[in-house]
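Novice: Model the following, please.
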Amino acid sequence: MTLGLIDQAKNSLTNTSWKKLDGYLRETQLLGSIHNALYWDQNTSMPSCAASWRGEQLSFLAKCLHTRQSSTEFENLIKEAREESHLEALKNGIDINNKTRNLDLLELELRRQKKLDSKLVVHLATAQTEGYALWKEAKENNDFKRFAPALKKLIDLRQEQANQLDESRSCWETLAQPFEPDLTIKRLNELFIPLRTRLPELIAKAKAVSSKNLLKWDLDQSSQQKLCELLLNQWGRNKEITSLARSPHPFSITLGPQDFRLTTRVVEGQPFSCFLATAHEWGHSLYEQGLPLQNHQWFAWPLGQATSMGVHESQSLFWENRVARSKAFSDRFWTYFSNEGAPLNSGLDLWKSMNPLLPGLNRVEADELSYGLHILIRTDLEIALLQEGLDVWDLPTEWNKRYKELLGVTPENDSEGCLQDVHWSEGSFGYFPSYLLGHLISAQLSEAMIFSLRKEGVKGEDPIGECIREGNEIKLLEWLRNEVHHYGRQVNAEQLVEKVTGRCLSCNPFLNYLENKLKMLTSS
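Specialist: Numbers count the residues shown, from 1 in each chain. Model (predicted):
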């Protein structure tokens with residue numbers, strides 16, 4: 001065989017191996033998207049009596065996914081693709097960094113999956129479905145005792161999962177890795193400890209000038225839904241690839257390269273809950289729509305996935321807080337609320353109503369000053385539950401105690417206390433810090449965005465606000481697309497922040513943002 005024919009054969013083999021791995025990943029992703037579709041249905045329209053059968057469906061899919069993600073066939077496909085991509089690089093002198101990063105991440109997940117007993121995977125999937133159903137029932141009936149055994153079971157299973165993974169991390173750190181790669185409790189404390197001191201000080205300062213005399217009012221469900229649709233339309237929603245529904249707890253999920261779902265909810269007596277939840281979840285969806293997964297080539301590959309949930313939350317929080325809660329947005333949008341019956345006479349009225357700066361019991365409805373304390377409480381409690389011996393039955397008491405100490409409020413019942421969030425009912429321990437990390441990341445990225453907008457000639461003290469006032473949010477989205485979204489999993493969250501801003505992640509930009517906003521609100 002001549003050298004030319006050998007080269008052709010090698011090149012053909014390389015392409016074949018990569019395509020085989022791509023095909024394998026695509027089938028795995030199809031199974032995952034079916035799993036997500038069933039999860040979407042479970043949260044939006046599934047009848048309650050279907051929970052048991054849905055649990056069996058999800059458990060079966062989890063078993064199938066685990067088998068594929070830990071198989072010898074998968075391992076061999078990765079090995080062959082790596083060997084032959086190196087051969088391709090040597091022959092053609094091309095850059096294979098993206099391929100190498102994809103393969104590194106696939107091997108990392110393969111090692112994790114191979115360590116897990118398939119029986120544990122099935123038990124976890126079943127417990128998650130049961131836990132969600134029991135949490136929903138317990139929350140509706142204010143009955144923590146109904147949910148407690150399921151929570152205890154989920155904690156036991158997650159502890160066993162961490163034990164089987166056997167990583168050089170604590171139990172909680174191990175469980176946090178899928179949400180926030182490379183995160184440690186030590187680094188978390190470095191970022192969060194200053195907030196424990198400064199946030200209560202800012203809240204105390206805000207209490208003296210808070211909007212205590214704001215009128216209490218509400219809007220009917222149809223009006224709230226109309227405002228949400230209007231918001232999404234102004235922010236460029238494409239109805240051909242997106243869907244909006246209701247669920248007990250708002251969320252966003254991607255079912256395919258052109259299938260982005262989000263949910264919201266209406267809370268009686270909270271006229272902005274639905275609106276701000278929609279803004280938040282749309283921020284998640286915009287991030288997903290901007291990831292490399294839009295290119296079918298990378299949809300099934302790690303580089304098509306979000307950098308981390310902290311980065312994910314930074315995007316949702318940017319649209320909820322930096323945009324929808326801004327003075328510029330209120331000046332432009334207040335008449336739409338007024339037309340639906342809201343007792344508002346100006347943009348200032350809407351802005352103050354959306355930024356009450358009063359500590360409350362509910363995380364989702366919390367203002368920007370107190371939100372971080374909600375997350376600190378949850379983070380402390382789940383670490384205590386997983387590795388410090390906190391008994392599940394003591395959770396309500398410990399929850400209420402910490403709310404009194406940090407926020408100065410006490411839940412009247414467990415439904416507005418430790419039952420308010422869905423996360424633990426699904427065994428999602430390690431997720432909560434991503435919300436607060438998202439606040440920090442969003443603030444630091446916003447500073448970089450302001451610098452860039454000024455260089456582009458956007459005038460005013462607040463270039464982001466100027467874009468919002470003009471209805472030019474697309475300019476903000478373009479910056480995020482160009483600077484943030486395209487990375488996928490090429491880097492971790494802190495590496496992304498340093499690449500975009502030139503600095504290590506810090507809590508200072510977030511605290512500076514809060515202090516400036518408080519100053520603006522108190523002087524208005």
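
Novice: tally of neighbours for residue 453?
Specialist: 20 (other C-beta atoms under 10 Å). All C-beta atoms are positioned from the backbone trio N, CA, C, and that covers glycine.

Novice: Would you confirm that it contacts residue 463?
Specialist: Yes - assessed by C-beta atoms under 8 Å, residue 453 is found in contact with residue 463 at 3.6 Å.

Novice: Lowest-scoring secondary structure element of the protein by mean pLDDT?
Specialist: helix 296-299 (a mean of 62; mean pLDDT, DSSP states H and E).

Novice: what secondary structure does residue 434 sit in?
Specialist: Of the three states, residue 434 takes helix under DSSP: H, G, I helix; E, B strand; the rest coil.

Novice: Would you quantify the distance from it to residue 493?
Specialist: 9 Å (C-beta to C-beta, to the nearest Å).

Novice: what touches both of those two?
Specialist: 180, 308, 310 (C-beta atoms under 8 Å, 6 or more residues apart in numbering).

Novice: Show me where the stretch 101-250 of the chain dips below the pLDDT cut-off.
Specialist: Within the stretch 101-250 of the chain, the stretches with pLDDT under 70 are 209-214.

Novice: one more time with 90
Specialist: 205-216, 248-249 (pLDDT under 90).

Novice: Where do the helices of it begin and end?
Specialist: All helices of the stretch 101-250 of the chain, identified by DSSP state H, counting those that start in this stretch, fall at 118-141, 144-165, 171-176, 185-207, 221-234.

Novice: same thing with the stretch 301-450 of the chain?
Specialist: Using DSSP H, counting those that start in this stretch, helices in the stretch 301-450 of the chain cover 309-317, 327-339, 347-354, 368-387, 395-407, 433-455.

Novice: in the fourth one, what counts as buried?
Specialist: Right, helix 368-387. Using 16 or more other C-beta atoms under 10 Å as the test for burial, helix 368-387 gives 368-387.

Novice: got a list of what residue 267 touches?
Specialist: So residue 267 contacts 273-274, 365 (C-beta under 8 Å, 6+ apart).

Novice: let me redo that: residue 99
Specialist: Residues in contact with residue 99 (C-beta under 8 Å, 6+ apart) are 18, 81, 85.

Novice: For residue 80, see how far away the first one is.
Specialist: Okay, so that is residue 18. Applying C-beta to C-beta to residue 18 and residue 80 gives a distance of 9 Å.

Novice: now swap in residue 404 and tell me
Specialist: For residue 404 relative to residue 80 (C-beta to C-beta), the value is 59 Å.

Novice: about what we covered before: now, which of the contacts of residue 99 lie within helices?
Specialist: 18, 81, 85 (DSSP state H).

Novice: separation between the second one and residue 25?
Specialist: Distance check for residue 81 against residue 25: by C-beta to C-beta, it reads 10 Å.

Novice: Could you do residue 238 as well?
Specialist: In terms of C-beta to C-beta, residue 238 sits 26 Å off from residue 25.

Novice: So for those two, which sits in the more crowded spot?
Specialist: Higher neighbour count among residue 238 and residue 25: residue 25, with 22 against 10, using other C-beta under 10 Å.

Novice: got a list of what the more buried one touches?
Specialist: Residue 25 is in contact with 106, 300-301, counting by C-beta under 8 Å, 6+ apart.

Novice: what's the distance between it and residue 147?
Specialist: Taken as C-beta to C-beta, the span from residue 25 to residue 147 is 37 Å.

Novice: Identify the residue spatially nearest to residue 313, adjacent ones excluded.
Specialist: residue 438 (2.6 Å; C-beta to C-beta, 6 or more residues apart in numbering).

Novice: How many neighbouring residues does that neighbour have?
Specialist: 25.

Novice: who's in contact with it?
Specialist: Contacts of residue 438 (C-beta under 8 Å, 6+ apart): 309-317.

Novice: Confirm residue 255 sits in a helix?
Specialist: No - assessed with three-state DSSP, residue 255 is strand; it does not lie in a helix.

Novice: Quick one: residues contacting residue 239.
Specialist: Per C-beta under 8 Å, 6+ apart, neighbours of residue 239: none.
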